[in-house]
Every structure is written in structure tokens, then in C-alpha cells.
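1. turn this into a model:
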Amino acid sequence: MSLHTIKAVFCSILLTLLAACSTVLATARDDYHSHPQADAFIERMVKEHAFSGEELAGIFDAAKRRDDILELMRKPAEKRLRWFEYRKIFLTRSRIDGGVAFWEKHADTLTDAQAELGVDPQIIVAIIGVETRYGGNTGRHRVIDALSTLAFDYPPRSSFFTGELEQFLLLAREEDIDLMETTGSYAGAMGYGQFIPSSYRRYAVDFDKDGKRDLWNSPRDIIGSVANYFRAHGWETGQPVATRAEVSGDSYPAVLELGYKPNTVLDALRHEGITPQQKMPDEMTAALIQFDQQDGPEYWLGFNNFYVITRYNHSPLYAMAVYQLSEEIRAAYEAANGTND
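-> As a prediction, this is how the structure comes out:
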């Protein structure tokens, strides 16, 4: 082998080793400096939204990859819980009492939200109670870390979270939000109502008319924004959410398979052996939903308003927890304030 050939082989091996070392070092970093997907994202944000490339590079150099967030995404607690286990988390005395206190403190705003946006106060209160214990726990993860980690290092939902990261940068620019200090959930949800960035931009409202939509510090914006989300998704004020049902025969399992979006009028459901425990008009449309208790399944009929709650979180367990908590809060509020019939 000639000296020239030996040198060429040596150089080739050296370059391979350097490339491998570079890959290892890049993988070992816990920030997004020179991350290929981050670099492509920065380039697109500069081109499409006129961001400063230098500024974004600094932001992603400071953003951290969070392995704990990746683990939480892989093993969400909700998927491991049955209804009777899930219910115990939210239907607690402290959460009911907290809801009454929140309602009493913000009664005027809740009344305004109902009048202007058509959403029942107890549902607004219950959502905030389930999401953050009335603002007591709005999340400890830096949103820029959470969204960067999920956008660039969580392939199953990379496209979705890349979109949310884009929305977060736009939101921060519009509302003067501190990108490096803002905290939220491990999935990037923010404020008392836990709005993801796209929902924040689309549904949050400046209900206090101060020129800014603030879902951390403005009770009027918080309440008005939750109400606006429900209004936009078709909430019908004063209408039923769900009712217990009795089932018989062998036809009802097929109805369960239709999902939790209202799909069958009550008159037809009765012919399938499904009977609501409350008297309801025959023409109302409902879905049959099963919830697992310790001693066996129980069955509920969910109406349009139940389905609207699932637009906030696509889980029937979540929707039922919100509904039942809202009923407990309403009853306790009315008893405490002498407004019950």
C-alpha cells in the first residue's frame, strides 16, 4: 500500500471518528444548540414570521431537553386509571370547598360570563378546579423546555408539538410573555385554565379590557376565556350534561361502540334497552357511556354539553369528573348563599 493510500485511509478513519464524536456530543447536550430539527424550525420561523434568527438561536441554546417530560408522555397516569380511581382525585371536599370560595370571590365575573358568553358558572369553576385547583398549581415546567423537548425529541407527536411551539413563540410576541420564565404543564399548557398555545391564541379573551389576555393574573380574563372556549365549542346554557341510565337486553353494547359524541335519540335508545333515570324528551340525542366502578360498570347518557367538555380534554373520565364536581360545587354554593330552590 502506498504512502498516499495510507494517508487517505487514515484521513477517512479520522473524519469518521470525528463525525461520530460530534454526534455523541450533540446527543449528550441537554440544550438545542445545533440540533437539526431546531435549526430547521428556526429557519422556518424567520422566513414565515419574520423572527430574528439570532434571537431564536439564543432561545434554543437556553432551552433544555427534559427526559422526565418524555417519560410522562410515554406513561400518562390517566390511561392507567379506572373511573372509580380517577373520580377520587377530583371529587374531594377540598376541591368542592375551593370551588365555592372561588365562585363567591368572582361571582360578578361569573355572572357576566354567563350573560355575555352563555356558559353556566359551575362549569367554568369546575374546569379551573380540575385543571389547576383554582390557580394553586399552574405547572412547574418551563414551557419553552416542554415544547422544545416534545417537538424535537418525541417523534410520535413531533408534528403537533412543533405546531404548538410555533404558536407559543407567536403568542409570546403578541402578549409580551417572557419565553424563558413562563411555566406550565409538561405538555405546555398554561394559566389557570391550562390552555395550550394554539388554544390561548384562538380562544383567550381580554375580558377585563386592559389590552392584554392574561391567564395567570387576571380573573376576568381567566373566567372569560374558559367561557369563550365552551361557547365556541357549542355549549348550551341551562341544558343537561349527563344522566344515569339503566340497560337491559343484548343490544346496548353495540350502542357503546358508537362513541361518546351524541349519536342516537332517546326514543331509539329506549328500544335498545337503554333508559334514562331522569325524564328527558324523546327527541334529545345522547351517547351511551360506560364507567367502571369497583363493583361493576355503571352507564350514563351524555348529551351535547358532555361532548363539549370533552373538547377541552378528550377523555370521558375527565368530562364526567368536571360534570360531577360542578354539580357538587353548585349545590354547596347554593346552600352556602341561600340561592337554592
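2. got phi/psi on Asp292?
-> Taking degrees, to the nearest 10, you get phi -90, psi 120 for the backbone angles of Asp292.
3. which strand residues bridge it?
-> Pro297 (DSSP bridges).
4. check the one 10 residues further on too.
-> Taking DSSP bridges, one finds Ala242, Ala287 as the beta-bridge partners of Gly302.
5. count of residues packed around it?
-> 26 (other Cβ atoms under 10 Å). From N, CA and C alone the C-beta is placed, and that goes for glycine too.
6. for Tyr299, which residues are in contact?
-> Tyr299 is in contact with Arg244, Ala245, Glu246, Val247, Tyr252, Ile274, Leu288, Ile289, Gln290, Phe291, counting by Cβ atoms under 8 Å, 6 or more residues apart in numbering.
7. can you tell me which of those is closest to Ala331?
-> For the contacts of Tyr299, the residue nearest Ala331 by Cβ to Cβ is Arg244; the value is 16.7 Å.
8. leaving out chain neighbours, which residue sits closest to that closest one?
-> Distances taken as Cβ to Cβ, 6 or more residues apart in numbering put Gln277 closest to Arg244, at 4.4 Å, once the chain neighbours are dropped.
9. neighbours of Ile222, how many?
-> 28.
10. all further residue positions should be reported with the first residue as 284.
-> Sure, I'll start numbering at 284, so the last one becomes Ile505.
11. quick check: which element contains it?
-> Taking DSSP states H and E as the definition, Ile505 sits inside helix 502-515.
12. who are the packing partners of that helix?
-> helix 390-400, helix 404-415, helix 480-486, helix 587-595 (3 or more Cβ pairs under 8 Å, 6 or more residues apart in numbering; DSSP states H and E).
13. and Ile372, its phi and psi?
-> Residue torsions, per degrees, to the nearest 10, at Ile372 are phi -70, psi -40.
14. helix, strand or coil for Leu353?
-> helix (DSSP: H, G, I helix; E, B strand; the rest coil).
15. what's near enough to touch it?
-> Going by Cβ under 8 Å, 6+ apart, Leu353 touches Thr432, Leu433, Asp436, Tyr437.
16. how does it look with 7 Å?
-> Neighbouring residues of Leu353 by Cβ atoms under 7 Å, 6 or more residues apart in numbering: Thr432, Asp436, Tyr437.
17. check the first one and give its pLDDT.
-> With respect to pLDDT, Thr432 scores 98.
18. that one touches Ile352, doesn't it?
-> Yes: look at Thr432 against Ile352 with Cβ atoms under 7 Å: they come within range, at 5.1 Å.
19. out of the two, which sits in the busier spot?
-> More crowded of Thr432 and Ile352, by other Cβ under 10 Å: Thr432, with 26 against 23.
20. need the helices and strands packed on helix 502-515 in TSV with distance to Ile427, can you?
-> Compiled in TSV, these are given as follows (distance: least, Cβ to Cβ, whole Å):
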stretch	distance to Ile427
helix 390-400	31
helix 404-415	20
helix 480-486	11
helix 587-595	24
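21. and those as CSV, adding mean pLDDT and mean neighbour count?
-> Below are the helices and strands packed on helix 502-515 laid out as CSV (pLDDT from 0 to 100; neighbours: other Cβ atoms under 10 Å):
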stretch, mean pLDDT, mean neighbour count
helix 390-400, 98, 17
helix 404-415, 98, 25
helix 480-486, 98, 19
helix 587-595, 98, 22
